[in-house]
Each structure stands twice: as C-alpha cells, then as structure tokens.
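# requesting a structural model of the entry that follows:
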Amino acid sequence: MTDKFSEPLKLDGDGKLNVLVIDSGISMHPNMSDITILPTGFNYQNSLDDVVDFIGHGTAVTSLIVKDIEELTIYVLKLFNELFECTISKLIDALSYIEKNNIYDVINMSLGITMFEERSQFIMTP
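Numbering: from 1, shown residues only. Predicted coordinates for the structure are as follows:
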C-alpha cells in the first residue's frame with residue numbers, strides 16, 4: 001500500500017510548486033524578492049494591491065514557506081480583515097472557490113476559532 005503523503009509532488013509544466021497561502025494577505029519581504037506571487041481572484045482579489053497584509057501574519061507564513069524552496073509560485077488568498085477577523089461564511093466561500101479553481105500543489109491555512117457560536121457550525125453529525 002502506498003502512502004499518498006510519501007509520494008513526490010507533481011509540479012506544473014514549468015517545474016514550479018504552486019502554493020496557496022490562505023491568510024491575512026501578503027506584503028513584500030526581502031526573502032520573497034525572487035518569488036512569483038499572484039492573487040487568486042477570490043472576492044475580487046485580482047492584483048497584489050488587493051491582498052496587502054495589514055497584520056503581518058500572512059507575510060510571515062509566506063516568508064517561512066519560501067525560505068528553502070526556490071522553484072515555486074505563491075498564490076495569495078486574503079481571508080482576514082485588518083482586525084484578523086473572518087466569518088464562517090467567508091471561509092466556506094473561499095474553500096468552495098478553491099475547490100472549483102484548484103491549481104495548487106500545496107494549500108496552507110492557519111486558522112483559529114474564538115467564538116463558540118461559530119465553532120458549532122464546524123461540528124459534523126452523522
């Protein structure tokens with residue numbers, strides 16, 4: 001039996017790894033000067049000006065991802081506002097958008113839930 005997580009990633013035609021970062025956006029950082037960074041088009045995010053990171057979390061996460069990998073393209077989906085807030089419906093919309101437009105080899109999300117009322121929407125019952 002083959003473990004799907006031990007198989008090598010299949011890269012796109014140009015040999016680059018396509019990484020989607022779902023977070024607070026991105027701002028340019030010296031570690032990312034040679035990396036291709038693109039918006040996803042989700043929620044009218046069509047340019048890097050639409051995904052500016054006012055918090056810094058998405059930029060920090062992306063900086064760590066690109067640290068040791070040279071051949072990659074980063075796609076940015078800005079999910080959080082300036083207060084680092086996101087609704088469950090916006091998260092579901094983003095995940096639906098990704099499912100329909102999935103061109104990514106790796107998807108990175110780092111999320112937390114602080115409101116108990118919203119957390120109950122994630123609990124699945126048989």
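# in terms of helix, strand or coil, where does the nearest residue to Tyr75 once chain neighbours are set aside fall?
Closest residue to Tyr75 apart from its sequence neighbours, by Cβ to Cβ, 6 or more residues apart in numbering: Leu20 at 4.6 Å. C-betas here are computed from N, CA, C, even on glycine. Recorded secondary structure, Leu20: strand (DSSP: H, G, I helix; E, B strand; the rest coil).
# contacts only, for Leu20.
Shown in contact with Leu20 (Cβ atoms under 8 Å, 6 or more residues apart in numbering): 40, 75-77, 98, 104, 106-108.
# hmm, try it at 7 Å
75, 77, 98, 104, 107-108 (Cβ atoms under 7 Å, 6 or more residues apart in numbering).
# okay, buried residues for stretch 59-68 please.
59, 61-63, 65-66 (16 or more other Cβ atoms under 10 Å).
# keeping just the C-alphas, turn it into CSV.
Extracted in CSV, the C-alpha atoms of stretch 59-68 (Å, rounded to 0.1, in the frame of the first residue of the first chain):
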residue,chain,number,x,y,z
THR,A,59,3.7,37.7,5.2
ALA,A,60,5.5,35.8,8.0
VAL,A,61,4.0,32.5,7.0
THR,A,62,4.9,33.0,3.3
SER,A,63,8.4,34.1,4.2
LEU,A,64,8.9,30.8,6.0
ILE,A,65,7.5,28.8,3.1
VAL,A,66,9.8,30.4,0.5
LYS,A,67,12.9,30.2,2.8
ASP,A,68,14.3,27.0,1.4
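# out of the buried residues of stretch 59-68, which sit inside strands?
Using DSSP state E, no member of the buried residues of stretch 59-68 falls in strands.
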